[in-house]
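Sequence plus predicted model, see below.
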Amino acid sequence: MAHEEHRQTVSISPLLKRLAYPLAAEIQVQASEVASAFALIFEDRLNVVQTTALLTLLHSTRKDKDPAVIALCSQRMRDAASQIEKASLRKVIRRRELALGQYRGGLVWNPSILISSFALTRQSVIL
């Protein structure tokens, strides 16, 4: 049986309450708080119900349109993204000659796919 890593979920209930009732909240929600909660999604530490509530409340309060929230959340997304070793990617592209204007997607060089793709494109132009 494969070992699955189980991460402990974090509750963001206080933040959700402040988002849901902004007039009753003593402390207004800051963009950094939203970004921190948003980052928990990428760390798989926020349960489905709270993820749904967070996204719904961000939309209903229009915080999803706030430039500061967008900037900080996008930075958290970039931080959570897998980093690609650029030198290795360039080496594969150079070896497969994918930078020569014949790139059709993916890193697999298969002439038969290119020929059939060209034929389909050509037929649709002729029709």
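Yep, it's here.

where are the low-confidence patches of the protein?
For the chain, residues meeting the criterion pLDDT under 70 lie at 1-6, 97-127.

what about the helices in it?
13-20, 31-42, 48-60, 67-80, 86-95, 111-126 (DSSP state H).

Kindly report the domain assignment for this protein.
Split into domains by automatic domain parsing, the chain comes to 13-80, 86-126.

Distance-wise, check the residue nearest the centre of the chain relative to residue 71.
The structure's the chain has its C-alpha centroid closest to residue 77; by CA atoms, centre = their mean the separation is 6.1 Å. Distance, residue 77 to residue 71, using CB to CB, to the nearest Å: 11 Å. From N, CA and C alone the C-beta is placed, and that goes for glycine too.

Equivalent analysis for residue 41, please.
Counting by CB to CB, the gap from residue 41 to residue 71 is 17 Å.

So for these two, which sits in the more crowded spot?
Neighbour count, other CB atoms under 10 Å: between residue 41 and residue 71, residue 41 has more, with 17 against 12.
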